Every structure is written in C-alpha cells, then in structure tokens.
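*Asks:* would you be able to build a 3D model of this:
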Amino acid sequence: MKIYEDDLAPSCRRVRIFMAEKGIDVSGSKVGILQGENLEQEFLSINPYGLLPVLELDDGTRICESVAICRYIEALHPNPPLMGTTALEQAFVDMYDRRSDFDGILAVAEFFRNAIEPLAGRVVPGVRGTEQIPALIERGRQRTLIFFRHMERRLADRDYLATDRFTNADITAMCAVDWAEFAGLDIPADCPSVQRWYGQINTRPSAQAWPGMKVLAARG
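*Replies:* Below you'll find the model as predicted:
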C-alpha cells in the first residue's frame, strides 16, 4: 500500500495516527497543498477531487477520504478497536467524530483558508478560482470557540470523547485542536478539561510519531 499525503494536512495526520495505533506503516508520497501540487494534472489523475489523503492498494485500487480509509484499516485490523465494538459505541464514535470534523476541523478551515495568502484563489479545497472572503475569518474564529466550549462540557468528567477509551473520535478532535493552535486559535483558558485531554492524548506514541502542524512548522 501507499498513501498520498501532505504532512501539514490534518486529514492526513488523522489517518497516520490511526494507522500508528494499529501498528501499521505504509510508504508515503508527498503532495504539497500550499504549493498547489494537489491541483496539478498528475495528482488529479489519481483523485479528480484534488483532495488528500488517498490510500492506494497493491492492486491499484484507491480509497479517498480519511474516514473511508480508517474504516478500511479497521476492518482489516480490528485490534485495538478504534471505532467502537458495540452498536452504541460505534454510534458514539461516529457522532463525536463527525462533530469534531464538522464543528472543529471545518471551523478552523474556514478561518485558516480565508486568511493565508498561499490559498488565495483556491479557498475551497481542491478547486481553483474560489476567492477568499475576509468576513469568514472572524466567523471561523467564532465557530472554533464554540467547538472548544462544546468539548469542555463533554470532557469535564471523562478522559475521552466518545467511550471510556481512546477512539477515532479523539484522533479527529486532536487534529482539529492541533490545527487550531497552529492557526493561532489556542484552547481558551476557560476550557481546562480540553487542555487536560489534549495534553494527555497528544503525548501518545502515535501522535508523537506523526506530530502536528505547530511542531512541523517549528522544525522548519
């Protein structure tokens, strides 16, 4: 197997951490998003949507979208279980994974993609000719704060988001928080439970093996 990825993309980090928790490593092929390499014809022939990551199997079959890739890996390697073992656990993992994706990662994306110069003219992922809207910078900031406060309520009396152990929901939320901090949207002081949770899971070997955007940026 091979994975097309960009180290700075939270969706790619999600998949790498998921694989690391399973004890799996596959070769990677770098595709620079900020450089626009995901919109060149060479990559569009691999994924016409221009999005990362893409998992390519040995027979040439390609799986796009981080959740789809993780579900495929979970089916092949069910232990340790990261998507729940009972119907209720699976529902809760999916529920908090989607909330972390839509309310967290997409909120930060609204802030980040409308703010930085390298993405001018392609603010919608995988599409050229889409312009930045300055007003969405502030809305993205507000949405991210709302996400933090929802997480604070959920984590006030528990160690993990979805179940009583680490799951894919925690991976997605961790990547959302990591991206937020890279973008300058730090965890608010009035969210101590989020700070505790993030400090705990971001030190897991899988997270350290595939560090977040702030660490990669500091390394230059």
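*Asks:* and the residue at the greatest distance from the centre of the chain, how far is that from Pro134?
*Replies:* Within the chain, Asp59 marks the point farthest from the mean C-alpha position, 26.7 Å out by C-alpha atoms, centre = their mean. Separation of Asp59 from Pro134 (C-beta to C-beta, to the nearest Å): 46 Å. To be clear about C-beta, it is placed using only N, CA and C from the backbone, and glycine gets the same treatment.
*Asks:* what does Glu181 give?
*Replies:* In terms of C-beta to C-beta, Glu181 sits 22 Å off from Pro134.
*Asks:* check Tyr72 too.
*Replies:* Distance from Tyr72 to Pro134, by C-beta to C-beta: 39 Å.
*Asks:* with neighbour numbers in mind, choose between these two.
*Replies:* Tyr72 (15 against 8; other C-beta atoms under 10 Å).
*Asks:* the residue farthest from the centre of the chain is in what secondary structure piece?
*Replies:* Using DSSP states H and E, Asp59 sits within no helix or strand.
*Asks:* which parts of this protein are strands?
*Replies:* Ranges of strands in the chain, per DSSP state E, are 2-5, 27-30, 54-56, 62-64.
*Asks:* relative to Pro125, which of the ones you listed is closest?
*Replies:* Closest approach to Pro125 among the strands of the chain (C-beta to C-beta): strand 62-64, 12.1 Å.
*Asks:* let me see the mean pLDDT of that closest one.
*Replies:* For strand 62-64, the mean pLDDT works out to 97.
*Asks:* tell me the helices and strands packed up against it.
*Replies:* In terms of contacts (3 or more C-beta pairs under 8 Å, 6 or more residues apart in numbering; DSSP states H and E), strand 62-64 is packed against strand 54-56.
*Asks:* and the strand it packs on, which residues are buried?
*Replies:* Neighbour counts over strand 54-56 (16 or more other C-beta atoms under 10 Å) mark Val54, Leu55, Glu56 as buried.
*Asks:* okay, these in TSV with pLDDT and distance to Gln35 next?
*Replies:* Below are the buried residues of strand 54-56 laid out as TSV (pLDDT from 0 to 100; distance: C-beta to C-beta, whole Å):
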residue	pLDDT	distance to Gln35
Val54	98	17
Leu55	98	22
Glu56	98	21
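*Asks:* so in this protein, which helix runs the longest?
*Replies:* helix 135-155 (DSSP state H).
*Asks:* report all helices and strands that that helix contacts.
*Replies:* Right, helix 135-155 is packed against helix 106-113, helix 168-182, helix 192-201 by 3+ C-beta pairs under 8 Å, 6+ apart.
*Asks:* what packs against the shortest one?
*Replies:* Same thing as helix 106-113. Here helix 106-113 touches helix 135-155, helix 168-182, going by 3+ C-beta pairs under 8 Å, 6+ apart.
*Asks:* then the last one?
*Replies:* Using 3+ C-beta pairs under 8 Å, 6+ apart as the contact test, the elements touching helix 192-201 are helix 135-155, helix 168-182.
*Asks:* who are the packing partners of the shortest one?
*Replies:* If you count contacts as 3+ C-beta pairs under 8 Å, 6+ apart, helix 168-182 packs onto helix 10-22, helix 87-99, helix 106-113, helix 135-155, helix 192-201, helix 213-219.
*Asks:* rewinding a little: centre of the chain to the longest helix of the chain, how far?
*Replies:* 16 Å (C-alpha atoms, centre = their mean, to the nearest Å).
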